[in-house]
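**Q** Quick one: sequence plus predicted model below, questions after.
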Amino acid sequence: MNHLVLLGVVLTPLALKTTSTDKQICTFSVAIRPYKREDPSWVLNVCAWGKLAAGLAGADLTAGTILVLEGDLRIEKSRPAELQLRSFHVVSEPADLPGVNSIALVGRAGRNPEMRYFESGSVVANLTLAVNRRSRDDKPDWFNLEAWGKQAQVAADYVRKGSLLGITGSVGSQAWTDRTTGEERSKIVIRVDRLDLLGSKRDNDSNPEPAADEEIPF
C-alpha cells in the first residue's frame, strides 16, 4: 500500500507527450509546503497517464496554481522522487487547506530501528520501509521513517528487520552538507504519526526479509 495526499503549488508548465504506444503522459513539478514552518519547502515531480494526463492538460493549469494531489509516491535510487498521480483538485481558497500532507504505507522494515535517546527524555527511532509496487516484477520503493515518542518506543520494542508494518504520517525532507565532498544533499523522510504492527509473529518470521536496506536520496 502506498497512498499520498499533498497540497502543492505548480512550478513548471505542464508537458503533455504521447508515447510510442499512443499513451498520453503529462509531467510537471510542484512545490510542497513544509511539514514544519522552519523546514525548507521542497520540489516534487508529478506524472499522470491517460485520461488523467489529458484532463490536466485541458485544465490550463499555470505556475502558482494550488492543487490537492493524490497518488503513489515512487522513490528510486537513480532518479528523483516522483508522484504518480491518481487524482487532483484545484484549490481556490488555500486557507481552507493549510496542512494537507498525509501518507499511508504498508511494507516491511528494512532494518532494526536505530534509536536515539535525549537528556530531555525525548526518543526517536529511524528505520527504512520497503513497499512493494503493484507489479511484482518491479523493485520496491524504499522509504526513510522517523518516529518520535510513543511510536518510537513501539518500534524499539517490537519492530525488527522484516516486520510487516502499517504507517501513517507526513512527508518531509532533510537537507545537509556532505562532510566529505561539501555537496548539498537531501532526502525524503516520512514522519510517523502512527505505527501499526501487521500480521502475526509467525507471518513476520516466515516471510522473506527485504533484499537490501538503503537510504534513498531525495
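**A** That came in fine, so what should we check first?

**Q** in the chain, which helix or strand is least confident?
**A** helix 201-206 (a mean of 55; mean pLDDT, DSSP states H and E).

**Q** does E146 really touch D193, like I thought?
**A** No - when contacts are counted by Cβ atoms under 8 Å, E146 is not listed as touching D193 (10.9 Å). C-beta: built from backbone N, CA, C; applies to glycine.

**Q** which one of these two has more residues nearby?
**A** Under the criterion of other Cβ atoms under 10 Å, the comparison of E146 against D193 puts E146 first, with 17 against 14.

**Q** Can you classify the more buried one as helix, strand or coil?
**A** Judged by DSSP: H, G, I helix; E, B strand; the rest coil, the three-state class of E146 is strand.

**Q** again, but for V154
**A** Three-state call for V154 (three-state DSSP): helix.

**Q** distance of it from I25?
**A** Look at V154 and I25: by Cβ to Cβ, to the nearest Å, they are 41 Å apart.

**Q** just V90 next, same as before
**A** Going from V90 to I25 by Cβ to Cβ gives 20 Å.

**Q** Show me what the most centrally placed residue in the chain is bridged to.
**A** Nearest to the mean C-alpha position of the chain, by Cα atoms, centre = their mean, lies L73 at 5.0 Å. The bridge-partner assignment for L73, based on DSSP bridges, gives L83.

**Q** What of I66?
**A** V9.

**Q** OK, contacts around it?
**A** By Cβ atoms under 8 Å, 6 or more residues apart in numbering, the residues touching I66 are L7, G8, V9, V10, V90, V91, P94.

**Q** returning to what we had before: between E146 and D193, which contacts overlap?
**A** By Cβ under 8 Å, 6+ apart, E146 and D193 have no common neighbours.
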